[in-house]
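Colleague: Sequence and predicted model, in that order:
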Amino acid sequence: MIDLLIVGAGPAGLRAAIAAAENGLHVSIIDEFVKPGGRLLGQLHEEPDGSWVNGVEEAERMYHRAIQLGVEISTGVSVYDLAETPAGWSIYTTDGVRESRCLLLATGASETPIPIPGWTLPGVMSIGAAQVMGNVHRVKPGHKGVVIGVNVLSVAIAREMQLCGVTVDRIVLPAHNLISADASNPEKMMESLLRLSHLAPSSLMKIGGKFVSPKLAARFYPRNGFKIWGIPIQLRKTALEIIGEEQVRGVRIAAISATGSVIPGTEEIVDADFVCIAGGLTPMAELAAVAGCRFHYVPQLGGHVPLHNERMQTTLKGLYVAGNITGVESAKVAGAQGRVAGLSIADELGVLSAAGKEKIKEAVDQTVHTRKHALIQFNQGIEEARHALYTEFQQLTDKKISV
C-alpha cells in the first residue's frame, strides 16, 4: 500500500505529488491521457509583462521533478470505481486495483457541449479539442474556422489558434436553446467579455472595459463586432446552423438584438472548413460522487463541486480534491491548490514538522494571492463562493464534533 494515490496528472496533481514526495511520502499518479500535464499541454499565451507561458515546458519541468523525487506516474490508465477501506482507499483502474492510505482527486474539468444543427459533421469540434490539436499534436484543426460561443476560453484559444497559423474568421454566439441559455444572450456575454478587456491589444479597449455597463455595451455593440488580435467578436450575431454534407462547409448566421432575438432578413452563410463550439467548463467530479462526497451546486465555480475546505479536505477521511474539480479556475490556481493538498496530506499522515505545518498556511495564502492576480477569471464571485463553501465545511465539521 502506498501513502498517496493521485488521479490526474495536470498542474494540481503534479504539484501535489511534488509537495507530498518532498516530505517523504510514497506517491503514485495515474492519468487516462497518454502523457502527463493535463490542460497545461495545450496552453500557450502571453502574460501582461510580455513573457510567454509555454504549458508543455512547464509540464515537463514538474514531471521531471516528480520523477526525481521517486513519484510513480502511470498514463493511459482510467479509474472506474473507488471504495473506502479501514486502511484507506481502494482504487479500481483499467490497470488493476490500487491501495492507498490517502487519495487525491485532481480530475480537472470537462467542456460543456452546445447542440447546434449540423454539429455532428466532420470538422466540428470543441474549442478544447482544437487547442489540443494545435498546441499538443501540432496539427491545424483546419484553415479557416468559426468559433461558436463567446467566453474566456473561446477568446483565449482563438488567439492560440491564430498563433498556430489558423484563420479564425469570427466568434459568434450560439442560437438560443435550453442548453445554451445565457450563452446566447449578448448582454450576459458582454459581462464575460468585459472581464477580458485587460487582454485587449488596444489601450482604449482596456480602459473602456473597466467602466462600460454590460447592458449599455450590448445595446450599442456593432453588428460586425470589435476585433481583438484581428479576430471579430460578434456578440450581435448568432449561429443558426452548421452547413455541409460530408464535412463542414460553412455556418449560417443571423443578426440578433441586444437580448438575443433573431432579426428577420439578416441571415447569411459564412464559409469555413472547421467549427469550434465553446460551451464553457464544468468540474469533472464524477469520481467524487462515486466515493460518496457531499456536494454543493455553486454556479460561480462552474457547477456541482465536492464540499471541501481551504486545505482541500473533503468530508471523507483521507480523500482530498484540488484543481478544477473544486471549481473552474486557471492552471496556476490549480497548481497552488495542488501544493496545499500535498502538504495537507503529509500533515494528516504525520510526517510534517512544525516548520512544515507553517508551510500549509503559506501555501493557502499563496493560493489566495494567485487567485486574486489571475490573468483570466472564468466566472465572477469566485472568492465569495469559495469562502461560503469553506464556511459550510467548517459548520458541518463543528456539528459532527458537538454530536
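Modeller: Yes, it's here.
Colleague: Cross-check the contact I'm expecting between V351 and V27.
Modeller: No: the criterion here is Cβ atoms under 8 Å, and V351 misses it with V27 at 11.9 Å. From N, CA and C alone the C-beta is placed, and that goes for glycine too.
Colleague: Of these two, give the one with the bigger neighbour count.
Modeller: In this view V351 and V27 are compared by other Cβ atoms under 10 Å, and V27 has more residues nearby, 31 against 14.
Colleague: Next up, the contacts around the more buried one.
Modeller: 2-6, 17, 20-21, 66, 69-72 (Cβ atoms under 8 Å, 6 or more residues apart in numbering).
Colleague: Farthest-apart pair in these, please.
Modeller: L5 and L69 (15.5 Å; Cβ to Cβ).
Colleague: Looking at these two, which is more packed in?
Modeller: More crowded of L5 and L69, by other Cβ under 10 Å: L5, with 27 against 17.
Colleague: dump the residue contacts of the more buried one.
Modeller: By Cβ under 8 Å, 6+ apart, the residues touching L5 are V27, S28, I29, I30, W89, I91, R98, S100, C102, L103, L104.
Colleague: beta partners of it?
Modeller: Here L5 sits in beta bridges with S28, L103, going by DSSP bridges.
Colleague: List the residues that contact E383.
Modeller: E383 makes contacts with V368, R371, K372, as judged by Cβ under 8 Å, 6+ apart.
Colleague: and if you look at I157?
Modeller: Listed by Cβ under 8 Å, 6+ apart, the contact set of I157 reads G42, I127, G128, A130, Q131, C276, A278.
Colleague: which of the residues in the helix ranked longest in the chain are buried?
Modeller: Counting by DSSP state H, the longest helix found in the chain is helix 382-402. Applying a neighbour-count criterion of 16 or more other Cβ atoms under 10 Å, one finds I382, A385, R386, L389, F393 buried in helix 382-402.
Colleague: burial measure for the closest residue in space to the third one that isn't next to it in sequence, as a count.
Modeller: Nearest residue to R386 in three dimensions, chain neighbours excluded: G327, at 6.9 Å (Cβ to Cβ, 6 or more residues apart in numbering). The number of residues packed near G327 is 27, by other Cβ under 10 Å.
Colleague: Kindly report the same for V147.
Modeller: 29.
Colleague: can you check A289 too?
Modeller: If you count neighbours by other Cβ under 10 Å, A289 ends up with 12.
Colleague: how far away is it from G302?
Modeller: A289 is 15 Å from G302, where distance means Cβ to Cβ, to the nearest Å.
Colleague: which residues touch stretch 348-360?
Modeller: 3-4, 23-25, 101-102, 311, 318, 340, 343-344, 346-347.
Colleague: Can you report how many residues lie near V34?
Modeller: 8.
Colleague: thinking V71 is in contact with A21, fair?
Modeller: Yes: using Cβ under 8 Å, V71 is in contact with A21, at 5.2 Å.
Colleague: From the contacts of L5, pick the one nearest G244.
Modeller: Distance to G244, by Cβ to Cβ, is smallest for I30 among these, at 38.9 Å.
Colleague: Wait, a strand at the closest one?
Modeller: Yes: remark: I30 belongs to a strand, assigned using DSSP: H, G, I helix; E, B strand; the rest coil.
Colleague: quick one: secondary structure of A156?
Modeller: helix.
Colleague: my guess is it contacts I376, does it?
Modeller: Yes: counting by Cβ under 8 Å, A156 touches I376, with 6.6 Å between them.
Colleague: Helix or strand: which one has Q162?
Modeller: Per DSSP states H and E: Q162 is located in helix 152-163.
Colleague: next SSE after that helix?
Modeller: Counting by DSSP H and E, what follows helix 152-163 is strand 167-174.
Colleague: Please spell out which residues along that following strand are buried.
Modeller: For strand 167-174, the neighbour count (16+ other Cβ under 10 Å) marks V168, D169, R170, I171, V172, L173, P174 as buried.
Colleague: and the second one, what pLDDT?
Modeller: It stands for D169. Per-residue pLDDT puts D169 at 95.
Colleague: got the contact list for it?
Modeller: Going by Cβ under 8 Å, 6+ apart, D169 touches K144, G145, V146, P232, V270, D271, A272.
Colleague: distance of the third one from R339?
Modeller: It stands for V146. In this view, V146 and R339 are 39 Å apart by Cβ to Cβ.
Colleague: same question, the first one
Modeller: K144 sits 42 Å away from R339, taking Cβ to Cβ as the criterion.
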